[in-house]
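Trainee: Structure for this input, please:
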Amino acid sequence: MNSSEGKLSSSGSELDLDRPNIEDYLPSGSSIHELCGELRLHDLLDISPTLTEAAGAIVDDSFTRCFKSNPPEPWNWNVYLFPLWCFGVAVRYLILFPARVIVLTIGWIIFLSSFIPVHFLLKGHDKLRKKMERVFVELICSFFVASWTGVVKYHGPRPSMRPKQVFVANHTSMIDFIILEQMTAFAVIMQKHLGWVGLLQSTILESVGCIWFNRSEVKDREIVARKLREHIQGVDNNPLLIFPEGTCVNNQYSVMFKKGAFELGCTVCPIAIKYNKIFVDAFWNSRKQSFTMHLLQLMTSWAVVCDVWYLEPQNLKPGETPIEFAERVRDIISVRAGLKKVPWDGYLKYSRPRPEHRERKQQSFAESVLQRLKQK
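Mentor: Residues are numbered from 1 along each chain as shown. Down below sits the predicted model:
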């Protein structure tokens, strides 16, 4: 018995070494053992804004909800609805899906048999080549939308090619680009991907002037900023499209816009995109699903229903900072698409809090505990 108790106390001591020591965060010369008094639960809940903030995050975690896909409500819960659901599954997977694969295959055959000759045979006629390549890219995007039975309604004037303007839109999935591209061949700013998507980026989409970047590379930001300024000055360049949220959000919320698109000194044209989730949720959670599986999900649904609004162009007002300009444009898009604004940076989805930020929180909490104990 004594030996087992010794082992338990020994293991307990080892665990204590891993626990944070609150005295490490107290002012010099202070000790927790010098303080007396009884600390009750209501005291803990009242001693620090840190606890209030933590409790609020547990009850209302608006950051996580921005990137959460909401599953549809089950409706096949009784005897006479279940056969209808089975019939619907059979139609979607055995009839619609094969037909959509055939449509997409035909689209690729037409596209490749037209794009490749134009790309290589018209190298000396850049203006004509770019115009034809633009038409072919719009064509293949239309075949993609047809492969989901896309029902897309566009509102407002179609974008035109003008210098010193940039288009910004809320971001739900990579299909946002496809839906917008079938109407106008935009040059988009997009994260560099791997696999077949990366192959398309480095070959076909390069022809419309798209710009790629890698979030983890600091140098890429400087290069992209320079390319952006060069692109918007070109009269014959395709309209520039940016998703300033920097990540896919579930089409219910809008996170903070990056200021890069709003400090170029040009006109900003907002685009609001809203998906109807009656048949399928178009949100792409890249952490849980590859883009290939995302496309399969869309191709096995009944339809993708979407509204796109081309909104009134905006310019920087006198005395307005780029950050305030970005927030004003985000307000316009959020109101039109019915999105809830949240004060979060979308890049937090890909990174952990800095150690310095965590230590400041720990020190603030320790000082609050010490101050409360002194009052006792």
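Trainee: Check whether N70 really touches V280, as I assumed.
Mentor: No: N70 lies out of contact with V280 (C-beta atoms under 8 Å); the separation is 11.9 Å. C-beta: built from backbone N, CA, C; applies to glycine.
Trainee: The two: who's more crowded?
Mentor: Just comparing N70 and V280: by other C-beta atoms under 10 Å the higher neighbour count belongs to V280, 19 against 11.
Trainee: Check whether the more buried one sits in a helix, strand or coil.
Mentor: coil (DSSP: H, G, I helix; E, B strand; the rest coil).
Trainee: Was I right to think it contacts L296?
Mentor: No: taking contacts as C-beta under 8 Å, V280 lies outside contact range of L296: 11.3 Å.
Trainee: any residues in contact with both of those two?
Mentor: When C-beta atoms under 8 Å, 6 or more residues apart in numbering defines a contact, no residue borders V280 and L296 alike.
Trainee: In terms of pLDDT, where does S351 sit?
Mentor: On pLDDT, S351 comes in at 64.
Trainee: which residue sits closest to P322 in space, ignoring its chain neighbours?
Mentor: Among residues not flanking P322 along the chain, E263 sits closest, at 4.0 Å (C-beta to C-beta, 6 or more residues apart in numbering).
Trainee: Next, the one you found: phi, psi?
Mentor: For E263, the backbone dihedrals (degrees, to the nearest 10) come out as phi -120, psi 20.
Trainee: following whichever strand or helix holds V305, which helix or strand comes up?
Mentor: Following DSSP states H and E, one finds V305 within strand 304-310. Later in the chain than strand 304-310, the nearest helix or strand by DSSP H and E is helix 322-337.
Trainee: And the strands in the chain?
Mentor: 150-155, 165-169, 187-191, 211-213, 240-242, 253-254, 267-276, 304-310, 340-341 (DSSP state E).
Trainee: Could I get the average pLDDT for the last one?
Mentor: Per-residue confidence for strand 340-341 averages out to 90 on the pLDDT scale.
Trainee: and it, what does it pack onto?
Mentor: With contacts defined as 3 or more C-beta pairs under 8 Å, 6 or more residues apart in numbering; DSSP states H and E, the packing partners of strand 340-341 are strand 253-254, helix 322-337.
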